[in-house]
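K.L.:
how does the following fold in three dimensions:
(4 chains)
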There are 2 protein chains.
Amino acid sequence: MATIYQVSELAGVSLATVSRVINNNSLVSEKTKLKVLEAMKKLDYRPNTVAQSLASNRSNSVGILVSELHGSFYGSMMSDIELALREFGKHAIITAGHSDEKSEKEGVEFLISRSCDALILHVEAVSDEYLIELKTRKIPFVTVNRYIPEIAANCICLDNEMGGYTATKFLLQQGHRDIAYIAGPLWKTDAKNRYDGHLRALQEFNIKPNKRLIYEGNFQEEGGQKGVQVLLETGIAFSAIACANDEMAAGAMSALREKGRSIPDDVSVIGFDNLVFSRYTYPKLSTINYPISDIGKTAASWVLNNLYIDRKEDIQHLFIPELVVRDSVKNIN
Amino acid sequence: MATIYQVSELAGVSLATVSRVINNNSLVSEKTKLKVLEAMKKLDYRPNTVAQSLASNRSNSVGILVSELHGSFYGSMMSDIELALREFGKHAIITAGHSDEKSEKEGVEFLISRSCDALILHVEAVSDEYLIELKTRKIPFVTVNRYIPEIAANCICLDNEMGGYTATKFLLQQGHRDIAYIAGPLWKTDAKNRYDGHLRALQEFNIKPNKRLIYEGNFQEEGGQKGVQVLLETGIAFSAIACANDEMAAGAMSALREKGRSIPDDVSVIGFDNLVFSRYTYPKLSTINYPISDIGKTAASWVLNNLYIDRKEDIQHLFIPELVVRDSVKNIN
DNA sequence: ACAATTATTGTAAGCGCTTTCATAAATGTT
DNA sequence: AACATTTATGAAAGCGCTTACAATAATTGT
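P.N.:
You can find the predicted model right below:
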């Protein structure tokens, strides 16, 4: 790999000048700029970004931490962010936190030590304090799907409580009164908030939640299956299940079918997230839309606005989830 | 952020010594090592990986390039690779190539300029020559899902031709004779190979392929939908459709259902890839399993073996896809 | 007791770039 | 013509680390 030094030699100028044309530092005469560009081309020169980062303390890359690299949820988020960044010549460095505190911290520190210019974090396990401290460390970052009052300006998130409320309210409006709930891991704030929304909707209809119709799952397909199993074993009748995400809804649907319950005739099911595959399920899943694409783009905009570009757009910090009506909920009024 | 210099000062040793304990260079006495570790802890010291990379020309990170960051296919690959690497303290730097030559090259060069120790590439648009040249540049890399004879040792891939063959042969064995094919973009080698496999199976049963029963899709849901539309418009009868991937199969299924064809009674459908969602479709999709998880792990092993660890395992370079029988194909014998 | 090893630590030269500051050349001003 | 500005370039000091190589201390053998 050619270095800046060889370029400067070939072009007959100093290192500094070459550096200036690399960075488009206007203070170079057209004539020398051309000489340098030619030399760069001739040597197939490519700046060493590591050296650039070290010297400038910038890296033109933003770190992204998601819980998992798989799953359509994170996938589209990463994808949207990367696309938005690349448009401005910025790159994404992506790593996974695996919903584990140690792993998440490790990931964050890794990204910082790579001198990412900013971070976009989908963290679940680290404490609020850690994130607040991160802010005092002067590291530009934005959290996705997590709201912390002390650093509200750094948070972009969905109103999960409202989503949970909307889902259950829809079931209630369709005439359901005996509603089971398959929750996510309640230590995760989004799972907790969705559950709270569910409770609020019930309360609004003066329905006492039945503890035995609540199952705490793991946000995965398997959680939905186990949930249905447990719910059926209680022997308590229910005409609908609200699930805290689509994956568990998919699991619930297959478990129900295996037990001979037809959907939505025997049991209605509603999900949450509106993942790509929810259109493929049978019946097509009614769910709550998580505008992940918008949120990803917004996170990217936050970074661009705060770091790279001089535009002062306002950014939306709270997104309201909307109901997506498909075929998995029956009106029994 | 504390630097190595401050640590050395606090511990009362030289920079070199601190560097040695960071890198576990055994040539440090237990006593001084403790002093240094203590100083590091006291200062909450974290090595600057950028400086490390620049000085050592290693980065403990491997670059991954996939076509897209979304999609369950790439998702699980990235996920498996990251997991395997992290076990050895290595990190993944991920970027997307968007199946576009310029974009893929840009991504590769970005990863190189980040001094990744090795690359794992899922590239589709760059030429064989480019990859061959990459090898001469002494950059350790492995390609996934792409076989280039000249650099066979760097390729890990699925026998796509065999997969295409297996899928169509299964349809034939189930009694189907009028088989439509929805291909992927044929400029992509995997799409081409799958199609070739399809043709071989037909040939084995002495069936002349009907050009009009072949549609070249885009590997996306929409491609499957359009494909079905075009196929039905020909007016030519067919009892089964083989699709070059699951996404198009899902699209084909919904299009068929919209046209009043029931699956598998009127038309059988088989996919390719065995994506997660293929279990959620209705009817559950029969397909060809792409052992993406194994391939991801193998790619990671290749890197680990070649770069970091001194184990001389042999690595599987060619994977044979297997049939997954579910409910979307009817036996009409 | 002394040379020969060996184990431990320090010195200093980079890695490839950016950026401040100084200098030189070109231009404008009166 | 003398001086102030502006513009273009270069010299050189880092950025925070690694790693020869040199130097010193500790250990061993005889």
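K.L.:
from now on I want contacts and neighbour counts done on CA atoms only, so please keep to that.
P.N.:
Fine.
K.L.:
and what about the residue of the stretch 201-333 of chain A found nearest DNA strand D, helix, strand or coil?
P.N.:
Residue of the stretch 201-333 of chain A nearest DNA strand D, by CA to the nearest atom of the strand: A:Leu307 (19.9 Å). Of the three states, A:Leu307 takes helix under DSSP: H, G, I helix; E, B strand; the rest coil.
K.L.:
contacts only, for it.
P.N.:
A:Asp117, A:Ala118 (CA atoms under 8 Å, 6 or more residues apart in numbering or on different chains).
K.L.:
what about A:Ser79, how many residues nearby?
P.N.:
20 (other CA atoms under 10 Å in any protein chain shown).
K.L.:
apart from its neighbours in sequence, what residue is nearest it?
P.N.:
Excluding its sequence neighbours, the residue lying closest to A:Ser79 (CA to CA, 6 or more residues apart in numbering or on different chains) is B:Leu69, at 5.0 Å.
K.L.:
same check, this time on A:Gly97
P.N.:
Closest residue to A:Gly97 apart from its sequence neighbours, by CA to CA, 6+ apart: A:Glu104 at 4.1 Å.
K.L.:
that neighbour against A:Thr95, yeah?
P.N.:
No: with contact defined as CA atoms under 8 Å, A:Glu104 does not count as touching A:Thr95 (9.2 Å).
K.L.:
joint contacts of the two?
P.N.:
A:Leu65.
K.L.:
so which of these two has more stuff around it?
P.N.:
Just comparing A:Glu104 and A:Thr95: by other CA under 10 Å the higher neighbour count belongs to A:Thr95, 27 against 24.
K.L.:
can you confirm the more buried one is in a strand?
P.N.:
Yes: A:Thr95: assigned to a strand according to three-state DSSP.
K.L.:
about what we covered before: for the residue nearest to A:Ser79, give its distance to B:Ser79.
P.N.:
Noted for B:Leu69: a distance of 11 Å to B:Ser79, by CA to CA, to the nearest Å.
K.L.:
next: A:Lys105.
P.N.:
To B:Ser79, A:Lys105 is 18 Å away according to CA to CA.
K.L.:
same question for A:Phe88.
P.N.:
Distance of A:Phe88 to B:Ser79, given as CA to CA: 27 Å.
K.L.:
please apply the same query to A:Lys297.
P.N.:
Counting by CA to CA, the gap from A:Lys297 to B:Ser79 is 23 Å.
K.L.:
what does A:Val66 give?
P.N.:
To B:Ser79, A:Val66 is 11 Å away according to CA to CA.
K.L.:
please apply the same query to A:Gly271.
P.N.:
25 Å.
K.L.:
residues contacting the strand or helix carrying A:Leu199, please?
P.N.:
Here A:Leu199, judged by DSSP states H and E, is contained in helix A:189-204. Helix A:189-204 is contacted from outside by A:124, A:145-146, A:160-169, A:172, A:183-186, A:208-209, A:244, using CA under 8 Å, 6+ apart.
K.L.:
ok, now which ones touch A:Lys284?
P.N.:
By CA under 8 Å, 6+ apart, the contact list for A:Lys284 reads A:Ser278, A:Arg326, A:Asp327, A:Ser328.
K.L.:
list buried residues within the residues you listed.
P.N.:
The neighbour count (16 or more other CA atoms under 10 Å in any protein chain shown) marks A:Ser278, A:Asp327, A:Ser328 as buried among these.
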